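Give me coordinates for this.
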Amino acid sequence: FFQAEDGIRDKLVTGVQTCALPISTEDVEQVDALLNAFVERSGVRAVLMVESAGYLIRRAGGEMPAEPTEFASLASNAFNAAQAMSRRLKENFFTQLRVTGTTFQTLIWQVDESCLLVVVYPADMDSKKVEEGTLLPVINLHELLKIAGTRSPGATVDLASEDAESFTKFFRRTPPPAAG
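Numbering: from 1, shown residues only. As a prediction, this is how the structure comes out:
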């Protein structure tokens, strides 16, 4: 797994993260290459790989109009809220959300049940072209995560899904064994 003591890290991210995806260092290199190639080819401002609970996994591109970890969390919350609304409308195939502003637009695309791809681009860019250009990176990320998951199924602990009791047990220290 590509993770620090306190969770998976983007090399530019600080703070504690409790997310863990089954990706190796080699997978991270593939993700970085994929994200960087997409930014280069498409001309978008930035792209973020975000765990569905809002943790920033990786990012590529230029300076963000907002702090990346905060933006990742907000994008995830917006997507999850829109997805909940779509379920109430019996729309079961909700996979993306576009937020349009006067300076920037954001496209949030569900890669799989655990991952989102967040694309930030200038408001004057053609949204349809950005959406079409994002399809291949989404498919490639989905395949990469699927392969990584079969390599080591169930090998992660996502503390965000644990209840308080199991969370306490997880961090409880046990005394060292008595010297024999």
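
how distant is the helix or strand where residue 148 lies from the center of its chain?
Per DSSP states H and E, residue 148 falls inside helix 127-151. Between the centre of helix 127-151 and the centre of its host chain there is 12 Å, according to C-alpha atoms, centre = their mean, to the nearest Å.

And for stretch 45-57?
On C-alpha atoms, centre = their mean, the centre of stretch 45-57 falls 3 Å from that of its chain.

picking up where we left off before, give me the residues contacting the helix holding residue 148.
With contact meaning C-beta atoms under 8 Å, 6 or more residues apart in numbering, helix 127-151 is reached by 21-24, 27, 30-31, 34-35, 38, 41-42, 44, 47, 49, 96, 98, 100, 105, 107, 109, 111-112, 114-115, 117, 119, 121. Yep, even glycine has a C-beta here, placed from its N, CA and C like the rest.

Ok, stretch 58-71 next?
So stretch 58-71 is contacted by 10, 12-13, 15, 28, 31-32, 35-36, 38-39, 44-49, 56, 74, 103-104, 118, 120 (C-beta under 8 Å, 6+ apart).

Same check on stretch 86-93?
residue 94.

From the contacts of stretch 58-71, which land in strands?
46-49, 56, 104, 118, 120 (DSSP state E).

Flag the shaky bits of the protein, pLDDT-wise.
1-22, 152-180 (pLDDT under 70).

one more time with 90, if that's ok
For the chain, the stretches flagged by pLDDT under 90 are 1-29, 51-53, 55, 57, 63-66, 83-84, 86-88, 90-95, 112-114, 144-180.
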